[in-house]
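*Asks:* Kindly generate the corresponding structure for this input.
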Amino acid sequence: MSHALAWAAGGTGFTFLMTTLGAAMVFFFRKAVSANIQRIFLGFAAGVMIAASVWSLLIPAMEEAQAAGVAGWLPAGGGFVLGVAFLMLLDSLLPHLHPGAKQAEGLNSKWQRSTMLMLAVTLHNLPEGMVVGLAAALALHGDADAVSGALALSLGIGLQNIPEGAAVSLPLTQSGRTRGQSFAAGAASGLVEPLGAVLAFVLAEWVGAALPWLMSAAAGCMVCVTAQEMIPEAVEPDEVAGVISIVLGFALMMALDVAL
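*Replies:* All right, here's what the predicted structure looks like:
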């Protein structure tokens, strides 16, 4: 059991390092980034998050539910709505800034936007870590296919975490964060994956049944914060560049998810 637990921690340790690598992209850009480039980064991040919510979360959630004999639409739809409701509630509690507004309704609007973005990606990473932990639990039985599947899963999630880390760190520079702060926030968004993996491994029998709901709720959180905070700012005032950046981010993340 300790060997498989080490595999779970090691697999998600790799995925966390890939998130950190993506977050480090902020160091490849000068400190002063133009508003147009920042909007493109924001649109790219929005596309990444939308694609990840569909291919990394909703579709696997439906497959997990169907494998357990449950109608796939139930946890996918129900969990998605719960995730949206959670983010909307959080948004109402935090100081709010409408996209395009010159002044915030609260005092800490920049903190609010950065927190919403990071929280959405962090919530998305939690069920991914749990998936790796459950795969390690299956590998505990010594099945060669289960072991290779756990390795492939860790590799796939790790590679797709590179653009996700960048999706957090790059837009944060728009809120006035330094490159070091943006990097730290992007890297921190992946810290929950090892924790989720170990938790799911230890509680495999109980977490497995709830995993489709958790994955769908994370997808709802991602779509909510993307639609409310990121897309409006990315497409205004340069709608064409914003739309293109969203499409490119979506296409890249979709290709990674499908290929891996």
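
*Asks:* Could you check how far residue 62 is from residue 165?
*Replies:* Here the distance between residue 62 and residue 165 works out to 26 Å (Cβ to Cβ, to the nearest Å). Any C-beta I mention is one placed from the backbone N, CA and C, and that applies to glycine too.

*Asks:* And these two? Which one has more around it.
*Replies:* residue 165 (28 against 21; other Cβ atoms under 10 Å).

*Asks:* For the more buried one, which non-adjacent residue is spatially closest?
*Replies:* residue 22 (2.7 Å; Cβ to Cβ, 6 or more residues apart in numbering).

*Asks:* pLDDT at the one you found, what is it?
*Replies:* We have a pLDDT of 87 for residue 22.

*Asks:* shift numbering so it begins at 21
*Replies:* That works, and once the first residue is 21, the last one we named lands at residue 42.

*Asks:* Residue 43 touches residue 202, doesn't it?
*Replies:* Yes. Counting by Cβ atoms under 8 Å, residue 202 is a contact partner of residue 43 at 7.5 Å.

*Asks:* which neighbours do these two share?
*Replies:* Residues touching both residue 43 and residue 202 (Cβ atoms under 8 Å, 6 or more residues apart in numbering) are 188, 189.

*Asks:* Could you list the low-pLDDT ranges of the stretch 21-170 of the chain?
*Replies:* 21-29, 49-55, 58, 110-111, 113-137, 144, 154-170 (pLDDT under 70).

*Asks:* May I see the buried residues of the helix or strand residue 226 falls within?
*Replies:* Assigned by DSSP states H and E, residue 226 belongs to helix 224-245. Under the neighbour-count criterion of 16 or more other Cβ atoms under 10 Å, helix 224-245 has 224, 227-228, 230-245 buried.

*Asks:* Same check on stretch 266-280?
*Replies:* So for stretch 266-280, counting by 16+ other Cβ under 10 Å, buried means 266, 269, 270, 272, 273, 274, 276, 277.

*Asks:* Closest one to residue 218 out of those residues, please.
*Replies:* Proximity of the buried residues of stretch 266-280 to residue 218 (Cβ to Cβ) peaks at residue 277, which lies at 24.3 Å.

*Asks:* so the closest one touches residue 78, yeah?
*Replies:* No. Taking contacts as Cβ under 8 Å, residue 277 lies outside contact range of residue 78: 11.1 Å.

*Asks:* Now do the SS call for residue 89.
*Replies:* Following DSSP: H, G, I helix; E, B strand; the rest coil, the label given to residue 89 is coil.

*Asks:* about what we covered before: tell me how far the very next helix or strand once past the helix holding residue 226 is from the chain's mean position?
*Replies:* Next in sequence after helix 224-245, counting helices and strands by DSSP H and E, comes helix 251-255. Put simply, helix 251-255 sits 19 Å off its chain's centre (Cα atoms, centre = their mean, to the nearest Å).

*Asks:* what's the offset of the helix or strand following helix 251-255 from the middle of its chain?
*Replies:* Where DSSP H and E defines the elements, the next helix or strand beyond helix 251-255 is helix 259-279. In terms of Cα atoms, centre = their mean, the centre of helix 259-279 is set 15 Å apart from its chain centre.
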